[in-house]
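Enquirer: what shape does this take:
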Amino acid sequence: MRKIAVIFGGPSPEHDVSILTGLQAARELQRSNSEVVTIYWSKSGDLFRVAPTLEGKDLVNGVPSGAEPIELTAGTGGGFRPAKKSLLAKTAMLHVGVAIVCCHGGPGEDGTLQGALDVAGIPYTGPGVTSAALGMDKLAFGGVAAGAGLPVLPRMLLVESTTSVPFDGPYIVKPRFGGSSIGIEVVDTVQTAAALVRSSPHLRAGAVIEPYRPDSYDLNVAVRLFPQPELSAIEKPMRSATTSGDILGYADKYVGGEGMVSAPRELPAVLPEAVTKSIQTMALEIAQLCDVRGVQRIDFLADGDDVFVNEINTIPGSLAKHLWVEPTVPFATLLEDMVREATQRPSRRWTSSGADGTALQAAGAISGKLG
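Expert: The predicted model follows:
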């Protein structure tokens, strides 16, 4: 019997939240009698097979006791196997039939892990390489949404030398490549924003700046295209009573008994019908634009009657299981459908059609092409 792998962790600022998502998925799969291989991706980038019954506290200090080092190999017959103790040692494959990717941020959500799984021949849930990279790049995603005629706030690249932008402050500064909560700041001047690029570790790989609208609020909706296009209820996240700030932060979303599930919210959000319809229409259009696989979350900003597309979260916390209240979709069903999609709707189909040797035969000697 081929097993279902659940991959979580990774060298990402969202490492801890990814662990919680992965353990939730593994536990639900076990309850449905699936054979699970639980794969922990450490902060240093190493892979370990761990027990699916672990709790979050078991991974607070990194690799838990009893973890087995494994490796991912590419090519025909590739996949996961126990790490070799020597070059001559033979190891048996773990026979993973499909992988549920539960990594947030960093190389688990930006297409890097997806590319490795593609070349290893392992079907996986969630975005493919291109969609993952697009969803992780806030500047590129904003450009695609604007190009499709969707309403977005102006968003620009921010570098240390930026001295002006064509919109008034205050401003919100975000990591160009990162999640929706970490490293985000609200500032009054462009000069302060540019200084953050130097000082914040989350902005050094790239940053974007856009106008901050203090009266706006977040609205989120989950979307999936398999087995048919479907939207969850719309959520209005709330700030927790113990945190304060201009925007919803990491603590508001994740620091609670069940992470995203226990975060304060209005669900379903009570909204004017026109706002609801607008979000639903735009979410389905974005799902097609971004070739959504698995369950993804699309975030909007609302300000009065104005609704703006903010970003797409291609592997959301808890796989957005808490949003499926209208319609009601059990977590086990979401996972089952994601696994079926991974095998029936592969992330990538390569072909060597057209590589018939004609160019090689006509090329002549390589030495003659060196000039």
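Enquirer: tell me how the protein divides into domains.
Expert: In the domain annotation for the chain, the residue ranges read 3-125, 128-152+215-329, 154-212 (automatic domain parsing).
Enquirer: and those domains, which one's lowest on average pLDDT?
Expert: Least confident of those, judged by mean pLDDT, is domain 128-152+215-329 with a mean of 89.
Enquirer: quick one: end-to-end distance for it.
Expert: With CA to CA, to the nearest Å applied, domain 128-152+215-329 spans 24 Å between its terminal residues.
Enquirer: then stretch 341-349?
Expert: Counting by CA to CA: the opening and closing residues of stretch 341-349 are 14 Å apart.
Enquirer: could the domains of the chain go into JSON lines alongside mean neighbour count?
Expert: Quick note: C-beta positions are derived from backbone N, CA and C, even for glycine. Putting these into JSON lines (neighbours: other CB atoms under 10 Å) gives the following:
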{"stretch": "domain 3-125", "mean neighbour count": "19"}
{"stretch": "domain 128-152+215-329", "mean neighbour count": "18"}
{"stretch": "domain 154-212", "mean neighbour count": "17"}
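Enquirer: between those domains, which gets nearest to A363?
Expert: Set against A363 and scored by CB to CB, these come closest in domain 3-125, at 26.4 Å.
Enquirer: pull the distance from the closest one to the chain's centre.
Expert: Computed by CA atoms, centre = their mean, to the nearest Å, the separation of domain 3-125 from the middle of its chain amounts to 16 Å.
Enquirer: quick one, phi psi at the residue positioned nearest the centre of the chain?
Expert: Among the residues of the chain, the one closest to the centroid is I315, at 3.2 Å (CA atoms, centre = their mean). Geometry field for I315 lists phi and psi as phi -130, psi 80, criterion degrees, to the nearest 10.
Enquirer: about what we covered before: and the domains of the chain: which comes nearest T358?
Expert: Taking CB to CB as the criterion, domain 3-125 is the member of the domains of the chain that comes nearest to T358, at 25.6 Å.
Enquirer: was I right to think G66 contacts R49?
Expert: No. The pair G66 and R49 fails to qualify as a contact (CB atoms under 8 Å) at a distance of 9.6 Å.
Enquirer: count of neighbours near M338?
Expert: 22 (other CB atoms under 10 Å).
Enquirer: please settle this for me: is it part of a strand?
Expert: No. Note on M338: no strand contains this position according to DSSP: H, G, I helix; E, B strand; the rest coil, which reports helix.
Enquirer: contacting residues around it?
Expert: I100, T125, G126, F226, G294, V295, L319 (CB atoms under 8 Å, 6 or more residues apart in numbering).
Enquirer: ok, 7 Å please
Expert: Neighbouring residues of M338 by CB atoms under 7 Å, 6 or more residues apart in numbering: I100, T125, G294, V295.
Enquirer: same deal with F300?
Expert: Under the contact definition (CB under 7 Å, 6+ apart), the residues listed for F300 are L219, I279, V307, F308, V309, N310.
Enquirer: which secondary structure element is home to L113?
Expert: Using DSSP states H and E, L113 sits within helix 112-120.
Enquirer: right, and the helix or strand after that helix?
Expert: With DSSP H and E setting the assignment, the helix or strand that follows helix 112-120 is helix 129-136.
Enquirer: distance from that next one to the middle of the chain?
Expert: Centroid displacement of helix 129-136 relative to its chain, using CA atoms, centre = their mean, is 8 Å.
Enquirer: what lies in contact with it?
Expert: If you take CB under 7 Å, 6+ apart as the criterion, helix 129-136 is touched by 109-111, 114-115, 118, 127, 140-141, 144, 177, 290-291, 293, 312, 314, 348.
Enquirer: any idea of the angle it forms with helix 112-120?
Expert: An angle of 180 degrees separates the directions of helix 129-136 and helix 112-120 when computed by axes from the mean of the first three to the mean of the last three CA atoms, to 10 degrees.
Enquirer: what helices or strands is the next helix or strand after helix 129-136 leaning on?
Expert: Past helix 129-136, further along toward the C-terminus, the next helix or strand under DSSP H and E is helix 138-147. Using 3 or more CB pairs under 7 Å, 6 or more residues apart in numbering; DSSP states H and E as the contact definition, the elements that helix 138-147 packs against are helix 129-136, strand 306-313.
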